[in-house]
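Student: build the 3D model from these lines:
(2 chains)
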There are 2 protein chains.
Amino acid sequence: MSPIASTPRPPYYAVIFSSLRTPVDEGYDDTAQRMLELARQQPGFLGVESAREEVGITVSYWTDLESIKAWKAVAEHREAQSKGREKWYTAFRTRIALVERDYGL
Amino acid sequence: MSPIASTPRPPYYAVIFSSLRTPVDEGYDDTAQRMLELARQQPGFLGVESAREEVGITVSYWTDLESIKAWKAVAEHREAQSKGREKWYTAFRTRIALVERDYGL
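Tutor: Numbers count the residues shown, from 1 in each chain, chains lettered A, B, ... in the order given. The predicted model follows:
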C-alpha cells in the first residue's frame, strides 16, 4: 500500500489532525495503530496519510461528512479521543475540509 | 511559533501536499526552507505545518483560492515545483480543500 492515499476524483473530505505529543506513552502506539485499523473498516473511509516530527499530522480521507461523524462516534474511538485529551496530546487541532481539486505525480 | 498553525475561524483553505522523496539531495533542504520563507510572505498565507517520515505531509493554510493560485505562480516557486517533479519526488499529491470547521485542545 502506498503511503500516499489513493483517493477518487474530488469532491471528497479530508480530516486533518495536527497534534503535539506529551512524553506519556501508556499505550499510545498500540492505540494509534488500532485506530488506523478501525478507521479502515468504517463506511466511507478512503485512505490515510501520517507523519510525525515536531508536529504529528494525520490526514484521513472520507466520502462525506456523515461518515466522518459516524467515525467520531465509534465507542472505541471515543475512548481514544478522551485519552488523547487527557494524556497524549499537549495540543491538537482537527480540521474538516472539503477537497475540491487534486493533482499529482 | 507553535508547529500547529494558528488559523482563524473557518472557512479558509488548506493545501495538503503529500510526497515521497527520491534519495537525491541537490539543494532540497535549502529550497524547502526557502519556500516556507517565501510562502509566509504571500498575501493570504495563514500558516503551515509539516512532518516527514515514510511520507512527507505539508499543509499550508490560505484565506482563499486566489491566494493559492498566486502562490503557485510565483516564479521562484515554479522553479522549485519543476525541480520537485524532476529530481526530488517519486510521487506526490496536492489537494486543495476548503476547511469548513475545526476544533482542538
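
Student: mind listing what whichever strand or helix holds A:Ile96 pairs with, with the direction of each?
Tutor: For A:Ile96, the element it lies in under DSSP states H and E is strand A:89-104. Take DSSP bridges as the rule and strand A:89-104 pairs in its sheet with strand A:12-21 (antiparallel), strand B:89-104 (antiparallel).

Student: from the chain's centre, how far out does that strand sit?
Tutor: Here the centre of strand A:89-104 is set off from its chain's centre by 9 Å, with C-alpha atoms, centre = their mean, to the nearest Å.

Student: sketch out the low-pLDDT regions of chain A for me.
Tutor: For chain A, residues meeting the criterion pLDDT under 70 lie at A:1.

Student: what does chain A have sitting close to chain B?
Tutor: A:2-5, A:7, A:10, A:14, A:16, A:18-20, A:49-57, A:59, A:85, A:89, A:91-105 (C-beta under 8 Å from any C-beta of the partner chain). C-beta here means a position set from N, CA and C on the backbone, and glycine is covered the same way.

Student: derive a ChimeraX selection command for the buried subset of these.
Tutor: To isolate the buried members of the residues of chain A next to chain B in ChimeraX, using 16 or more other C-beta atoms under 10 Å in any protein chain shown:
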select /A:3,4,5,7,14,16,18,19,20,49,50,51,52,55,56,57,59,89,92,93,94,95,96,97,98,99,102
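
Student: could you measure from the closest residue to A:Ser19 other than its chain neighbours over to A:Val59?
Tutor: Nearest residue to A:Ser19 in three dimensions, chain neighbours excluded: A:Phe92, at 3.9 Å (C-beta to C-beta, 6 or more residues apart in numbering or on different chains). The gap separating A:Phe92 from A:Val59 is 14 Å, by C-beta to C-beta, to the nearest Å.

Student: quick check: neighbours shared by those two?
Tutor: A:Phe17 (C-beta atoms under 8 Å, 6 or more residues apart in numbering or on different chains).

Student: break down chain A into its strands, ranges please.
Tutor: Using DSSP state E, the strands of chain A run over A:12-21, A:45-52, A:56-62, A:89-104.

Student: please save the CA atoms from the last one in PDB.
Tutor: Just to be clear, that refers to strand A:89-104. In PDB, the C-alpha atoms belonging to strand A:89-104 read as follows (Å, rounded to 0.1, in the frame of the first residue of the first chain):
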ATOM      1  CA  TYR A  89      -1.500  15.500  23.500                       C
ATOM      2  CA  THR A  90      -0.400  18.900  24.800                       C
ATOM      3  CA  ALA A  91      -2.300  20.400  21.900                       C
ATOM      4  CA  PHE A  92      -4.100  19.400  18.800                       C
ATOM      5  CA  ARG A  93      -6.300  20.700  16.100                       C
ATOM      6  CA  THR A  94      -8.800  18.800  13.900                       C
ATOM      7  CA  ARG A  95      -9.800  20.400  10.700                       C
ATOM      8  CA  ILE A  96     -12.600  19.100   8.500                       C
ATOM      9  CA  ALA A  97     -12.200  20.100   4.900                       C
ATOM     10  CA  LEU A  98     -13.800  19.500   1.500                       C
ATOM     11  CA  VAL A  99     -11.200  18.600  -1.100                       C
ATOM     12  CA  GLU A 100     -12.200  20.500  -4.200                       C
ATOM     13  CA  ARG A 101      -9.400  19.500  -6.500                       C
ATOM     14  CA  ASP A 102      -6.200  17.500  -6.500                       C
ATOM     15  CA  TYR A 103      -3.300  16.700  -8.900                       C
ATOM     16  CA  GLY A 104       0.000  14.900  -8.600                       C
END
